[in-house]
Structures are given as C-alpha cells and as structure tokens.
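In: Fold the following.
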Amino acid sequence: MTRLITLADGRSVEVECLSCALTSGMIAPTGGVIYESSNFHAHQDVAYPIRGLVILASKRHFYCMDELTDEEQFEYISLIRKIRNEQRNHLGIEKVYYFYNEDTTHHFHLWMVPRYDWMYRYGNSVESLRPILLHARNNMNDEENMNSVIEGISILRESMRDFVSSSR
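Out: Predicted coordinates:
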C-alpha cells in the first residue's frame, strides 16, 4: 500500500516502502549516501540530526536477521565494523548504541547511534535512545547543527570510499 511520507527536509514522497525507495535511489537521502554495495546502503536519517548517526539498510526486502544470506551476513558484519571504525577515527565518536528491530514498517536496517555527553542526561541505557532521538528531532534542527551533520555524512562517505565489500 502506498503512503505519503514527509521527509526531514520537507519533501513529500509517495512510496510503498521508504527503505526500498532510499536503497534503490528513488529518493536521495539528505546529505547523500555514505556507502552503497549490491547488498547494503548506509545513510543518515537527518530527521534525527545527530552527527555520525548511520542507518545500515539491506537492499533486499526482508525483516529478520536470520534471513541474511551467507554473503550478506559476512558483508553486514564487515560493514558495521568499518563504519564503526570510521565513526571513531574520523568523527571522534567513542560510544555507539546499535538498534535493530524486526517489527518495523521498513525492512531490515540497523541504527548506529553515537553517544555524546549531552545524551547522558536521558540515561545510560537503551531506554534513553527514544528520548535522545526525540530531543534531536525537536531541538537540534538549527542551521549550525545541520551543517555539522551534513559535514559528518561527507566525512564518513569519503572515509568509506576505499572500502571494498565482498559483493562489489
């Protein structure tokens, strides 16, 4: 079923699956693609303007981790490791929360959410993730922060440029 979605940058799009639209290139994510292979697509959802936040989405439409093929599972772990390394080495991100759920309306994707000092006022557990994301969405959309987020996307994209996955 097609639904109308308003993106963080104000664009409205009609899609059946937002992840499919992003990973196929039908919709360009604000700031651009961080990394793309034949199996995966890494980008940031700027609706949550946190520098270094990465969403790693499958291109194939499925929902559960146990549905990864052998090739996909190898590449998936390699990509998580590489992205995490680049978050640390190029953006100075010391801690990351990983979030993945199987009851989403979008297909298989992992959120890699950096932990910054300001976030600890919301707690130091997975329960703090939702309030942090809401705070970012509702209070951090100013021009200076968005420029920093877009710069972070660009830095990660450049640092991932030489990564060669098994599926390329």
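In: before we move on, what SS does Leu110 have?
Out: Of the three states, Leu110 takes strand under DSSP: H, G, I helix; E, B strand; the rest coil.
In: What backbone torsions are found at the residue nearest the centre of the chain?
Out: Centroid-nearest residue in the chain, with C-alpha atoms, centre = their mean: Ile55, separated by 1.6 Å. The phi/psi pair for Ile55 (degrees, to the nearest 10) reads phi -110, psi 120.
In: Could you do Arg3 as well?
Out: phi -140, psi 150.
In: What's the separation between it and Ile55?
Out: If you measure Arg3 against Ile55 using C-beta to C-beta, to the nearest Å, the figure is 19 Å. Quick note: C-beta positions are derived from backbone N, CA and C, even for glycine.
In: Just the pLDDT for His8.
Out: Just to correct that, residue 8 is Ala rather than His. With respect to pLDDT, Ala8 scores 69.
In: Begin at 13 from now on, thanks
Out: Shifting the count to begin at 13 puts that one at Ala20.
In: For Leu34, give me its contacts.
Out: Pro41, His53, His55, Ala69 (C-beta atoms under 8 Å, 6 or more residues apart in numbering).
In: quick check: longest helix of this structure.
Out: Of all segments of type helix in the chain, defined using DSSP state H, the longest is helix 82-103.
In: Partner strands of the next helix or strand after that helix and their direction?
Out: Downstream of helix 82-103, the first helix or strand assigned by DSSP states H and E is strand 108-111. Note on strand 108-111: by DSSP bridges, its sheet partners are strand 121-126 (antiparallel).
In: as a whole number, average confidence for the helix or strand just after the strand it pairs with?
Out: Once strand 121-126 ends, the next helix or strand along the chain (criterion: DSSP H and E) is helix 141-151. The average of the pLDDT scores along helix 141-151 is 95.
In: re earlier: how far away is the residue nearest to the centre of the chain from Pro41?
Out: Taking C-beta to C-beta, one finds Ile67 at 9 Å from Pro41.
In: joint contacts of these two?
Out: Taking C-beta under 8 Å, 6+ apart as the contact rule, Ile67 and Pro41 both touch His55, Gln56, Asp57.
In: returning to that earlier point: give me the beta-bridge partners of the residue nearest to the centre of the chain?
Out: Applying DSSP bridges to Ile67 gives these bridge partners: His55, Trp123.
In: Please pick the buried ones from the contacts of Leu34.
Out: Using 16 or more other C-beta atoms under 10 Å as the burial test, the contacts of Leu34 include Pro41, His53, His55, Ala69 as buried.
In: and which of these is nearest to Arg169?
Out: Using C-beta to C-beta, His55 is the member of these that sits closest to Arg169, with 9.5 Å.
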